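Asks: Following is a predicted model, sequence given first.
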Amino acid sequence: MQPTNHIERTGATTTYRPPDGDQGGYDTMSQQGCAKNVLTVGAIYPLANGYSGPTNVVLASFSSCGPTDDGRIKPDVVADGINDITPGAARDTNYVIWVPGGTSFAAPGVAGAIGLLSQFYKQVHPNGSEPLASTLKGVAIHTADSATTNAGPSYRFGWGVMNTRTAATLISQDATNGLKNQIKEVLLTNNSAIQFPVVASDGTNPVKITICWTDPAGTPNNVTNLDNPTPKLVNDLDLRVVSPTGSTNLPWVLNPDLTNQTSAARSAAATTGDDIRNNVEQVYVAHPTNATYLVQVTHKGSLQSNATQWVSILISRNVAQAPPPLVINQMAKTATNTLAIGWPAVVGAQYQLQSKTNLTGTNWLNVDGIISARLTNVVTLVPFSQANTAQFLRVALLP
């Protein structure tokens, strides 16, 4: 509760520091809540009759607000944190309504929902790998209900109210409507790009694309270095959606006003632009035409941490497309001992190229590592031995 001096103890030394937090309740996140790769949860009052629109969403008075000192969006989502039903201490079957509550009630509710969504993902993708942490975080953000009358995120409510049912629907659609039409996990490499088409249904259903990634650790602040605006983002990825007319749709951005720290700037509606702070970006096309849009994910500078970055991509309100036939359609000798092999691919799918020198038996050998498709046509170089009288190649789609 402000104004209260912050107390810093180092050994036997006690230092009283001025209160943190800016006008309007902004910049009040705890250090744990500022971590960029976690899902930070704010608290709202209960929605007695369920969510019916942003006007009935009220932030709890004790719930902290962003921005972080470097201007990132926090919290990520909000959930009910007041009057929650919880086990009581009186007996094994005792339940109580906890008044007034806290973010310590909202966060476990979201954590439980994420656990159920992870379990459901594995049920509908029985042969697939575990979803990335960034995928689960991205699904929660992508499917949240708007908590403000303005489109886009805010520094009070983040991306909106957690909606577990909508999140489960997205996961279910991804498993049934074609292949990876709603959820993609793609490995981005240095000086490369992810690119794929998205077909919009009509002008009444907005198309939304979100990317989320687990960013490498940035340089931490010293405990006494308050309001350090230096960005903590390490791998700066960029989401762009090109319309059929050639115009480019940019992601949402908020004004952190790190210089003046005014509530007027921080409460202003989100605009669009180049996001250089967050490891979540979202493009919202409110009135798409019934046509094909081109989604592009690139990066600035050089990617750190092994020069690669896994990216989770979430898409909604798009027309599901059937996967192309899995057939090698390109083969060219590029050097004495090298072949270029290509095939049509589903972006986000993983493939394994295999070879053998005869067609008897089942001894297909993997050629190099697993290939994560970044484009709708994959081309890879494979070794070719002129000493072999014959060499057979095939490509396998991994679950």
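Replies: Sure, I can see it.

Asks: just the strands in the stretch 151-300 of the chain please.
Replies: Assigned by DSSP state E, counting those that start in this stretch, the stretch 151-300 of the chain shows strands spanning 183-189, 194-199, 207-212, 237-242, 248-249, 252-253, 271-272, 280-285, 292-299.

Asks: Burial-wise, tell me which of the ones you listed comes out on top.
Replies: Most buried of the strands of the stretch 151-300 of the chain, by mean neighbour count (mean count of other Cβ atoms under 10 Å): strand 207-212, with a mean of 24. In this view, the C-beta of every residue, glycine as well, is placed from N, C-alpha and C.

Asks: about what we covered before: adding distance to N366 and mean pLDDT, write the strands of the stretch 151-300 of the chain out as TSV.
Replies: What follows is these, written out as TSV (distance: least, Cβ to Cβ, whole Å; pLDDT from 0 to 100):
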stretch	distance to N366	mean pLDDT
strand 183-189	17	96
strand 194-199	24	96
strand 207-212	30	97
strand 237-242	30	98
strand 248-249	39	97
strand 252-253	42	98
strand 271-272	44	98
strand 280-285	35	97
strand 292-299	27	97
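
Asks: got a markdown table for those strands, with distance to T93 too?
Replies: Converted to a markdown table, the strands of the stretch 151-300 of the chain look like this (distance: least, Cβ to Cβ, whole Å):
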| stretch | distance to T93 |
| --- | --- |
| strand 183-189 | 40 |
| strand 194-199 | 50 |
| strand 207-212 | 40 |
| strand 237-242 | 49 |
| strand 248-249 | 53 |
| strand 252-253 | 46 |
| strand 271-272 | 52 |
| strand 280-285 | 41 |
| strand 292-299 | 51 |
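
Asks: contacting residues around the residue lying closest to K74 once chain neighbours are set aside?
Replies: Of all residues beyond its chain neighbours, the one nearest K74 is G66 (3.9 Å), with distances taken as Cβ to Cβ, 6 or more residues apart in numbering. Contacts for G66 (Cβ atoms under 8 Å, 6 or more residues apart in numbering) come out as Y26, D27, M29, R72, I73, K74, P75, Y155, R156, G158, P256.

Asks: Lowest pLDDT pick from the residues you listed?
Replies: Lowest pLDDT of the contacts of G66: M29, 89.

Asks: any idea how far it is from I211?
Replies: With the distance defined as Cβ to Cβ, to the nearest Å, M29 ends up 23 Å from I211.

Asks: next one: V199
Replies: Distance of V199 to I211, computed by Cβ to Cβ: 19 Å.

Asks: picking that back up, secondary structure element holding the residue nearest to K74?
Replies: Assignment of secondary structure by DSSP states H and E places G66 within no helix or strand.

Asks: ok, it to T210 distance?
Replies: 18 Å.

Asks: Flag the shaky bits of the protein, pLDDT-wise.
Replies: Applying pLDDT under 70 to the chain flags the ranges 1-8, 17-20, 177-178.

Asks: any chance you could map the helices in the stretch 101-250 of the chain?
Replies: Listed in chain order, the helices of the stretch 101-250 of the chain (DSSP state H, counting those that start in this stretch) span 103-124, 133-142, 164-176.

Asks: mind listing what H287 touches?
Replies: G203, T204, P206.

Asks: just V241 next, same as before
Replies: Contact analysis of V241 by Cβ under 8 Å, 6+ apart lists V198, V207, I209, T248, N249, V283, V285, Y293, L294, V295, Q296.

Asks: Does F120 touch I171 like I think?
Replies: Yes. With contact defined as Cβ atoms under 8 Å, F120 counts as touching I171 (5.9 Å).

Asks: neighbour count winner among those two?
Replies: I171 (25 against 16; other Cβ atoms under 10 Å).

Asks: State the distance from K137 to V311.
Replies: In terms of Cβ to Cβ, K137 sits 12 Å off from V311.

Asks: typo on my end, it should be A133
Replies: The value you get for A133 to V311, if Cβ to Cβ is used, is 13 Å.

Asks: Neighbour count: these two, which is higher?
Replies: V311 (27 against 18).

Asks: quick one: secondary structure of the more buried one?
Replies: With DSSP: H, G, I helix; E, B strand; the rest coil as the basis, V311 sits in strand.

Asks: doesn't I211 make contact with it?
Replies: Yes. Checked against Cβ under 8 Å, the pair V311 and I211 is within contact range at 5.7 Å.

Asks: who are the neighbours in contact with the nearest residue to L365 once chain neighbours are set aside?
Replies: Nearest non-adjacent residue to L365, counting by Cβ to Cβ, 6+ apart: S355, 5.8 Å away. S355 makes contact with W364, L365, V367, V382, Q391, F392, L393, R394, according to Cβ under 8 Å, 6+ apart.

Asks: Could you pull up phi and psi at V347?
Replies: Backbone torsions for V347, taken as degrees, to the nearest 10, come to phi -60, psi 130.

Asks: Not counting residues beside it along the chain, what's closest to it?
Replies: Leaving out its chain neighbours, the residue that sits closest to V347 by Cβ to Cβ, 6+ apart is F196, at 3.9 Å.

Asks: is that neighbour in a bridge, and if so with what?
Replies: According to DSSP bridges, the residues that bridge with F196 are V295.

Asks: Show the buried residues in the contacts of H287.
Replies: Buried subset of the contacts of H287 (neighbour count, 16 or more other Cβ atoms under 10 Å): empty, as none qualifies.

Asks: export these to a markdown table and tack on distance to V346?
Replies: A markdown table is the format used below for these (distance: Cβ to Cβ, whole Å):
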| residue | distance to V346 |
| --- | --- |
| G203 | 27 |
| T204 | 27 |
| P206 | 24 |
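
Asks: from these, which single one is nearest A340?
Replies: Of all these, A340 sits closest to P206, with 40.1 Å by Cβ to Cβ.
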